[in-house]
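Chemist: show me the folded form of this:
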Amino acid sequence: MEILRSGTDGIERELSWQIPLYEQFHRHPELGLAEHQTSAAVAAKLAGWGFDVRHFGGTGVVGVLTKGAGPCVLGRADMDALPVTEATGAPYASTNPGVMHACGHDMHVVALLGAAKYLAEHLDPWQGTYIALFQPAEETAAGSQVMLDDGLAAGIPRPDVALAQHVMPTEAGTIGTTPGPVLSAGDSIRITVHGRGAHGSMPHKSVDPVVLAASIVLRLQTVVSRETTPGEFAVLTVGSVNAGATAIIIPDRAELLLNLRTYDVALRSQVIAAIERIVRGESAAADSPQEPEFEYYDQYPLTSNDPEANARVTAAFTGTFGADAVYRTAPQTASEDFSRIPDAFGIPYVYWVVGSVPPETYRRAVANGTLDADIPANHSPSFLPAVDPTLGVATRAQAAAALAFLAGTV
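Modeler: Next up is the predicted model:
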C-alpha cells in the first residue's frame, strides 16, 4: 500500500496527475450550485476508474465502488469556491473574476479523487463498498441538504461511517483529530425591528428604530458574558446594522444581522432564546408598533466526531504518518454542513484538519508570535495551501481513514 507512505514511487505517480488537476480547478473556481465544470471532471475521473457514478442536487457527484460483502465507507469532499478576488500571485491563480478557491476545496476534491483511484486500483487490501461523495455549496450551508432533498439517502448504499477533512492554516505535513466537537454549529439571523418614521426635526413624533437597534446591540453583548456558564463556548456577533438613508429622516425600521457559533446544542437553544427575548423586550420598551421579525439562514449543524471512530482513524494516521505528525486539535470556530449527510443515515463520522503552511514559514511565525499577521487564513484573498506536501498528505489521509474500516488496519 505504497501510496499511504510518503517519499515513494506510488505517491509520486499520483501527484503527477493530481497537481495539474488541482491547478486546473484552482484556475477555474465555481460558486456553490454552479460547479458544472468541476462536477463533470470529477464524474469523468470516477467513471474511468470503474465507479458507478450518480448525481444528486444538480452538481453533486457520487461514485460507488463495491468489492464483495463488507463495511461501507463514505468519503466526502466539498467543491465550491468563494466570491473573493484572488491576491496570491500564483501562476495558476483564478481566471474567473471575483471568484476564488479561498478555502482549499479544490484540494479536497483532488485528494478524494486520489484516494478513490488508489482504492479502485488496489483491491487486495480491502473488502466492502467505498463511496466517494463530492458535495456542492458548502460555503452557503446548502449543498448537503440539496443532495439529501434529491434522494441521496435512498439513492446510495447505506454507509457505516463517513469521513471528511479540511485544509487549515496550520503546519503542512501534520493532521489534527479530536473526539467530540471539532467544528461549531453556526446560525445567521436577520432581525427586523419596527419603528414609526418621522422628520428628523420632530423626533417626538417617531418611534426611532435606530435608537432601538442600538439598545439591542448593546444588550446582546450580555448574552455570552452574563447568561452562559464561564468556560462554555459561544460567540455572538452583530455583523451589520442598517437603518435609514438620510440625516433628516427617522426611518420606520432597522435590520440587524447576527452570527452565532456554539459547540453545544442545548447552549445554542439557550442563546437563541435569549436573543429573541432581548429583541422583543427592547421593542416593547421602545413602544414599537409591530412585533420584530426573525429570519434564520445559512445554518450549519454542529460537527462532533464519534469518539470510537475518531480513535480508529487517529490510529490509522499515526501508523501512516508517524506519531509526530498527528496531534489533538482544539475545536474550530468555523462551521460545516457535512454532518447533515451522516446524520441523515444515523451513522458515526470523523472530520479532521490537514495543515497547509510550509513548515519553516509556520514555525517562524509561531516563534515570532505573528501567526495571525503572517499566515493568511481560510477565506483570505491570499490563502494558498502549499501543494507539497499538503496534497499528498490529504490524499493518503482519505485512503488511510477509509482502509481503517474497509481493511481493518493500515
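Chemist: mind listing the helices for the stretch 51-200 of the chain?
Modeler: Ranges of helices in the stretch 51-200 of the chain, per DSSP state H, counting those that start in this stretch, are 105-121, 143-149, 152-155.
Chemist: those helices: which one's closest to Pro169?
Modeler: Closest to Pro169 of the helices of the stretch 51-200 of the chain is helix 105-121 (CB to CB; 12.9 Å). Glycine gets a C-beta too; all of them are placed from N, C-alpha and C.
Chemist: circling back: out of the helices of the stretch 51-200 of the chain, which comes closest to Gln221?
Modeler: helix 143-149 (32.2 Å).
Chemist: give me the mean pLDDT for the closest one.
Modeler: Mean pLDDT, helix 143-149: 98.
Chemist: give me the residues contacting that helix.
Modeler: 32-33, 56-58, 60, 78, 80, 133, 135-138, 337-338, 340-341, 344 (CB atoms under 8 Å, 6 or more residues apart in numbering).
Chemist: hmm, which of these are the buried ones?
Modeler: Buried members of these, scored by 16 or more other CB atoms under 10 Å, are 32-33, 56-58, 60, 78, 80, 133, 135-138, 337-338, 340-341.
Chemist: take the residues you listed and keep only those in strands.
Modeler: 56, 60, 78, 133, 135 (DSSP state E).
Chemist: isn't the last one right up against Leu74?
Modeler: No: under the criterion of CB atoms under 8 Å, Gln135 makes no contact with Leu74, lying 10.9 Å away.
Chemist: hey, what's in contact with both of the two?
Modeler: Common neighbours of Gln135 and Leu74, counting by CB under 8 Å, 6+ apart, are Ile341.
Chemist: thinking again about what came up before, possible to save the helices of the stretch 51-200 of the chain as JSON lines with distance to Ala185 and mean neighbour count?
Modeler: Formatted as JSON lines, the helices of the stretch 51-200 of the chain follow (distance: least, CB to CB, whole Å; neighbours: other CB atoms under 10 Å):
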{"stretch": "helix 105-121", "distance to Ala185": "21", "mean neighbour count": "26"}
{"stretch": "helix 143-149", "distance to Ala185": "14", "mean neighbour count": "23"}
{"stretch": "helix 152-155", "distance to Ala185": "22", "mean neighbour count": "15"}
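Chemist: so which of those helices is nearest Tyr300?
Modeler: The closest of the helices of the stretch 51-200 of the chain to Tyr300 is helix 143-149. By CB to CB, the value is 9.8 Å.
Chemist: what separates that closest one from the chain centre, distance-wise?
Modeler: 15 Å (CA atoms, centre = their mean, to the nearest Å).
Chemist: cool, and stretch 147-166?
Modeler: That offset, for stretch 147-166, works out to 16 Å (CA atoms, centre = their mean).
Chemist: may I have it exported as CSV, CA atoms only?
Modeler: Listed next in CSV are the C-alpha coordinates belonging to stretch 147-166 (Å, rounded to 0.1, in the frame of the first residue of the first chain):
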residue,chain,number,x,y,z
MET,A,147,-28.2,16.4,-2.2
LEU,A,148,-30.4,14.8,0.5
ASP,A,149,-33.5,16.5,-0.9
ASP,A,150,-32.7,15.0,-4.2
GLY,A,151,-32.8,11.5,-2.8
LEU,A,152,-29.2,10.9,-1.7
ALA,A,153,-30.2,8.7,1.3
ALA,A,154,-32.2,6.3,-0.8
GLY,A,155,-30.0,6.5,-3.8
ILE,A,156,-26.7,5.1,-2.5
PRO,A,157,-25.8,2.2,-0.2
ARG,A,158,-26.1,3.0,3.5
PRO,A,159,-22.6,3.8,4.8
ASP,A,160,-21.4,2.5,8.1
VAL,A,161,-19.1,5.6,8.6
ALA,A,162,-18.5,8.9,6.9
LEU,A,163,-15.1,10.7,6.6
ALA,A,164,-14.2,14.3,5.7
GLN,A,165,-11.3,16.7,6.0
HIS,A,166,-10.3,20.3,5.6
